[in-house]
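Undergrad: here you go, sequence then predicted model.
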Amino acid sequence: MHVYILLVLCVCLRGVKSFPNGEVEESCQSMTPNHSEFKSQTSSSPYKVSVNSTTFTPGQTITVTLQAAENASEFQGFMLQAREVDGKTAVGRFTSINTVQSRALNCFNIENSTLSQASADKKSHFEATWEAPTNSSLV
């Protein structure tokens with residue numbers, strides 16, 4: 001049986017300076033940045049999230065890539081979390097975390113369930129490894 005996972009992405013645009021160290025646990029549920037001086041983007045995203053597999057088996061790892069489009073500016077902030085389609089909480093966890101580029105968050109009491117930026121350094125590419133739950137009713 002195939003299960004599809006929706007990877008939820010929150011990208012903070014170039015000018016955002018709040019939370020440069022990625023400590024954004026209050027955004028775990030909504031996946032919405034709490035930057036009051038900026039409005040949500042309504043146009044198409046200039047960033048792309050891709051995965052090397054859209055289905056998984058228990059314990060399988062999937063590579064997740066966040067990349068700026070060719071003509072897009074670099075990004076500084078991001079928040080990545082895998083959820084079941086129409087789900088309200090995170091599933092799985094991120095492994096092999098590059099602590100120079102990202103910070104692991106324990107959203108919904110799930111260790112390393114979410115990644116955010118570790119600094120305000122500009123980047124055009126970010127890659128992470130997500131591990132599917134080993135004992136999941138999703139599979």
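TA: That came through fine.
Undergrad: now stretch 53-65: average pLDDT?
TA: Stretch 53-65 comes out with an average pLDDT of 93.
Undergrad: show me which residues of that stretch are buried.
TA: Buried residues in stretch 53-65, defined by neighbour count with 16 or more other CB atoms under 10 Å: 56, 61, 62, 64. All C-beta spots, glycine's among them, are computed from the backbone N, C-alpha and C.
Undergrad: just give the closest residue to the most centrally placed residue in the chain, not the sequence neighbours.
TA: By CA atoms, centre = their mean, the mean C-alpha position of the chain lies nearest to residue 80, the distance being 0.6 Å. Using CB to CB, 6 or more residues apart in numbering and skipping residues adjacent in sequence, the residue nearest residue 80 is residue 115, 4.6 Å away.
Undergrad: list the contacts of that neighbour.
TA: By CB atoms under 8 Å, 6 or more residues apart in numbering, the contact set of residue 115 is 78, 79, 80, 81, 94, 97, 102, 103, 104, 105, 128.
Undergrad: what comes into contact with the helix or strand where the last one lies?
TA: Read it as residue 128. Under the criterion of DSSP states H and E, residue 128 resides in strand 125-131. Contacts to strand 125-131, defined as CB under 8 Å, 6+ apart, come from residues 51, 59-68, 78, 80, 82, 92-98, 101-102, 115.
Undergrad: and those, which of them are in helices?
TA: Nothing among the contacts of strand 125-131 maps onto helices, per DSSP state H.
Undergrad: which one of the buried residues of stretch 53-65 is nearest residue 28?
TA: residue 64 (17.4 Å; CB to CB).
Undergrad: quick check: beta-bridge partners of that closest one?
TA: residue 51, residue 128 (DSSP bridges).
Undergrad: make sure it is actually in contact with residue 49.
TA: Yes: the criterion here is CB atoms under 8 Å, and residue 64 meets it with residue 49 at 6.8 Å.
Undergrad: quick one: residues contacting the closest residue to residue 69 other than its chain neighbours.
TA: In space, and not counting its chain neighbours, residue 69 is closest to residue 46: 4.9 Å by CB to CB, 6+ apart. Contacts for residue 46 (CB under 8 Å, 6+ apart) come out as 68, 69, 71, 72, 73.
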